[in-house]
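1. Generate coordinates for the sequence data below:
(2 chains)
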Amino acid sequence: MISSRRNRSSVLTRLCAVFVLGMTLLTSPSSLAQTGSTSFGSGDKAPAPALVKAAPGDFEAMLKNCDAQLTTTSTKLEACKRDETGIDFLAWAYIAAWVILAGFFFLVRMKQVKLTAEMAELRARLARLNSEDPR
Amino acid sequence: MSQTTSQIRTRIPWMPLVLGAGILTMLYFVFFIAPREIEMGQVQRIFYMHVSCAFSALLLYIGTAILSIGYLVTLRMTSLRVINRTLDRLAVSFAEVAVLFGTIVLVTGPLWAKPAWGEYWTWEPRLTLMLLTQFLFIGYLVLRAYGGNDGVGKRLAAGVAIIGGPAVYLIHVAVRLWGGNHPTVVTEGGGGLEPGAMQNTFWVSLAVIFSFVTYLVYMRYQRHRLAEELDDAFLELSDLEEAA
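-> Presented below is the predicted three-dimensional model:
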């Protein structure tokens, strides 16, 4: 009984560990900067600087890690700022495209109304001619 | 009445439904399937609409030029009168839809350029040529609309469209020949869109826009045919009325 509880708790602990590890990896600054993003055109991807193991007192390594974290954080902030303005332009571009298409359909519709009126006139004149025709 | 049958034939009832579904699919791909681009961010999603419309506009410009050549060649051949009229109607339909999509390109382009390049417009070769070609085809439509019914306007317009044909080639090679801000994303092998979601979204957008263009050309062609048939019917009726 006790052993089965222990087994269950160890499985739960492992699952929790995997979950925490997964979430840490997913939400780490470098992975956030890359998730769902792909490069476009011939622009090269800037590789995210890797963190190095810094022993206590190894100030050089600590500084490197500091720089790496700063770079990824600033990249993330820049991306957010770009998206903030970019989304407005994206929305305007799609709205403009559909408005132009709608305008075109409106013009086509107006011409169609004119053609229908012409056709009605033609029918009326034809009917008048037929009624006047003695045959 | 023949006009009534023509009117019925101008519509394909199920086509708007298919196109509507296609457009929704395209938007789903653009906003939910395509990944966010690293360098430009969300604004790069304009690409899928902008480039598909640009391809369509350029193909339609070329199409108008080729059809106009055909129209001028068959102009004096009495045995090919039906073909001549068909070529003429097709050319004007192509030009109308080309100007429509050219306008979309020239509007969505600056909206993408501002966040990507920092300014709405630069007088770089590709942009300038695209603008000039668009003006040329607007001129074509103006000539068609106000050039008179005696055929002179049609012939002049055909000449204008033929001049516009080579301009399309120059737009295509402008970046390679003279440089500019435009990337050579699709025109050169390699270095383009990454295979996967981005490329799939682009192909879906292209397919949807091409279907849309085809339907619009078909619709415009049928409308022009109907308008011509009506004009002919009015002339015949006037003769009959005079005779009566």
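2. looking at chain B, which helix or strand is least sure?
-> helix B:2-9 (a mean of 48; mean pLDDT, DSSP states H and E).
3. So what's the residue count around residue B:225?
-> Counted with other C-beta atoms under 10 Å in any protein chain shown, the neighbours of residue B:225 add up to 17. The way it works is simple: take the backbone N, C-alpha and C, and place the C-beta from them, glycine included.
4. Moving C-terminal from the least confident helix or strand of chain B, which element do we reach first?
-> Stepping forward along the backbone from helix B:2-9, the first helix or strand reached (DSSP states H and E) is helix B:15-28.
5. Check which helices and strands that following helix is in contact with.
-> helix B:197-243 (3 or more C-beta pairs under 8 Å, 6 or more residues apart in numbering or on different chains; DSSP states H and E).
6. swap the cut-off to 10 Å and go again
-> helix A:59-132, helix B:46-73, helix B:197-243 (3 or more C-beta pairs under 10 Å, 6 or more residues apart in numbering or on different chains; DSSP states H and E).
7. before we move on, what SS does residue B:121 have?
-> Classification of residue B:121 using DSSP: H, G, I helix; E, B strand; the rest coil returns coil.
8. Does it touch residue B:127 like I think?
-> Yes: contact criterion C-beta atoms under 10 Å: residue B:121 and residue B:127 qualify, at 6.8 Å.
9. hey, what's in contact with both of the two?
-> B:106, B:109-110, B:113 (C-beta atoms under 10 Å, 6 or more residues apart in numbering or on different chains).
10. near chain A, which of those show up?
-> On the criterion C-beta under 10 Å from any C-beta of the partner chain, B:106, B:109-110, B:113 are the entries of the shared contacts of residue B:121 and residue B:127 that sit beside chain A.
11. Tell me which residue in chain A sits closest to chain B.
-> residue A:86 (3.3 Å; C-beta to the nearest C-beta).
12. Identify the residue spatially nearest to that residue, adjacent ones excluded.
-> Excluding the flanking residues, the one nearest residue A:86 by C-beta to C-beta, 6 or more residues apart in numbering or on different chains is residue B:43, at 3.3 Å.
13. go on, residue B:193?
-> residue B:199 (4.9 Å).
14. That neighbour touches residue B:47, doesn't it?
-> No: Residue B:199 lies out of contact with residue B:47 (C-beta under 10 Å); the separation is 11.7 Å.
15. which of these two has more neighbours?
-> residue B:47 (27 against 13).
16. distance of the more buried one from residue B:109?
-> Plainly put, residue B:47 is 10 Å away from residue B:109 if you go by C-beta to C-beta, to the nearest Å.
17. Could you report the neighbour count for the residue of chain B found nearest chain A?
-> Relative to chain A, the nearest point of chain B is residue B:43 (3.3 Å; C-beta to the nearest C-beta). For residue B:43, the neighbour count with other C-beta under 10 Å is 25.
18. now do residue B:241
-> For residue B:241, using other C-beta under 10 Å, the count is 13.
19. Sketch out the low-pLDDT regions of chain A for me.
-> Scanning chain A with the threshold set as pLDDT under 70 gives A:1-52, A:66-76, A:78-79, A:81-83, A:133-135.
20. from what I can see residue B:228 touches residue A:118, true?
-> No: between residue B:228 and residue A:118 there is no contact under C-beta under 10 Å: 11.9 Å.
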